[in-house]
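Colleague: Take this sequence and fold it.
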Amino acid sequence: MNTKEFAQAIETFIRPETFPVAAKLLKADEAAPERARRPRRDMGIEIAICQAIAMARRYGWTIAVGEEDVSCPLTKTVFGFAPVTDHYAEGHLACGMYTETLEAGARSEAASPKLPEGMYKQLVVAPAANAGFAPDALVIYGNSAQVLRLVTGALWKRGGKLTTSITGRVDCSDEVIATMMTGDYQVILPCFGDRVLGQTQDHEMAFSLPGSKMKELVEGLEGTQKGGLQYPIPTYLRYTPQYPEHYYALERIWATMPRK
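Modeller: Next comes the predicted model:
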């Protein structure tokens with residue numbers, strides 16, 4: 001299954017508010033798509049990766065970012081665009097904001113999935129419908145009901161449950177790196193940075209999958225829809241409503257009246 005077919009299926013079964021996003025990490029000898037915008041070169045800005053994903057899913061743009069394009073120190077670290085420093089590893093960036101102590105901060109930083117320094121030089125994100133490349137990961141934003149449908153689709157063939165980990169920080173690492181490393185689906189609670197910088201809304205969650213699971217997920221969405229699961233989720237409407245007691249006075253009056 002290619003990304004265009006995948007995007008069409010997601011539109012059919014999930015109806016997301018924004019475009020599904022395809023993401024691919026490029027090594028030094030790999031070129032970004034010719035149409036890809038580079039934030040520093042083409043827009044005169046440096047951004048966080050959550051902003052790049054937001055541009056892809058909201059604007060429909062293809063964005064390529066390397067170290068020179070990224071302003072977020074956490075992102076530079078976890079994507080291997082810059083080295084892991086002792087200052088970072090000791091928890092200084094988390095302590096006082098996300099954790100009470102340096103020790104707790106160090107555990108939080110250690111928990112973030114990371115790529116080795118220099119393994120990749122760029123990250124490319126694009127709307128899946130016109131990505132034109134084989135993605136390492138795909139990210140779909142939606143409300144909780146839409147993400148629920150994606151979860152049930154993911155479990156159609158294998159059953160059981162999905163296991164995902166949430167730190168509340170650096171969700172781009174969960175969306176792309178954890179998905180690549182585990183080769184499995186991830187349910188994402190967007191982090192504070194994604195909400196502030198990527199302008200993700202309070203009603204939104206995200207769901208990610210490796211490119212190798214596109215066909216499996218679509219078949220799962222098809223199967224579960226045939227089984228009765230769908231989005232929008234239908235409400236139960238076949239019941240007799242109850243009304244304020246004084247409304248029933250009319251029923252009693254009608255009962256005593258001759259009717260035509």
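
Colleague: Report the separation between the nearest residue to L102 once chain neighbours are set aside and G160.
Modeller: Spatial nearest neighbour of L102, chain neighbours left out: G91 (4.4 Å); criterion: Cβ to Cβ, 6 or more residues apart in numbering. Just so you know, the C-beta spots here come from the backbone N, C-alpha and C atoms, and that holds for glycine as well. To G160, G91 is 35 Å away according to Cβ to Cβ, to the nearest Å.

Colleague: Neighbour count for the two, which is higher?
Modeller: G91 (21 against 6; other Cβ atoms under 10 Å).

Colleague: Quick check: mean pLDDT of stretch 210-218?
Modeller: Here stretch 210-218 scores 98 as its mean pLDDT.

Colleague: what's the answer for stretch 29-40, then?
Modeller: Per-residue pLDDT over stretch 29-40 has a mean of 96.

Colleague: now do stretch 55-62
Modeller: pLDDT averaged over stretch 55-62 gives 98.

Colleague: quick check, distance from it to the centre of its chain.
Modeller: Stretch 55-62 has its C-alpha centroid displaced from the chain centroid by 14 Å (Cα atoms, centre = their mean, to the nearest Å).

Colleague: which residues of the stretch 151-260 of the chain fall in helices?
Modeller: 171-172, 179-182, 192-196, 214-226, 248-256 (DSSP state H, counting those that start in this stretch).

Colleague: Which one, of those helices, ends up nearest to M119?
Modeller: Using Cβ to Cβ as the measure, helix 179-182 is the one of the helices of the stretch 151-260 of the chain that comes nearest M119, at 11.0 Å.

Colleague: how far does that closest one sit from the chain's center?
Modeller: With Cα atoms, centre = their mean as the basis, helix 179-182 stands 14 Å off its chain's centre.

Colleague: what residues does it touch?
Modeller: Contact partners of helix 179-182, identified using Cβ atoms under 8 Å, 6 or more residues apart in numbering, comprise L25, P113, D136, A137, Y185, Q186, S208, L209, P210.

Colleague: Need the max-distance pair from those residues.
Modeller: Maximum pairwise distance among those (Cβ to Cβ): 18.5 Å, between L25 and Y185.

Colleague: Quick one: neighbours of V125, just the number.
Modeller: For V125, the count of nearby residues is 29 (other Cβ under 10 Å).

Colleague: Show me the contact partners of the helix or strand it falls within.
Modeller: Using DSSP states H and E, the secondary-structure element containing V125 is strand 122-127. Residues outside strand 122-127 that contact it (Cβ under 8 Å, 6+ apart) are 7, 19-26, 30, 32-33, 36, 49, 52-53, 55-57, 60-66, 79, 132-133, 176.

Colleague: Paired strands for the next helix or strand after it, with orientation please.
Modeller: The helix or strand immediately downstream of strand 122-127 is strand 137-142, counting by DSSP H and E. Sheet partners assigned to strand 137-142 using DSSP bridges are listed as strand 21-26 (antiparallel), strand 205-210 (antiparallel).

Colleague: The first one: how far from the chain's middle?
Modeller: A distance of 13 Å separates the centroid of the chain from that of strand 21-26, by Cα atoms, centre = their mean.
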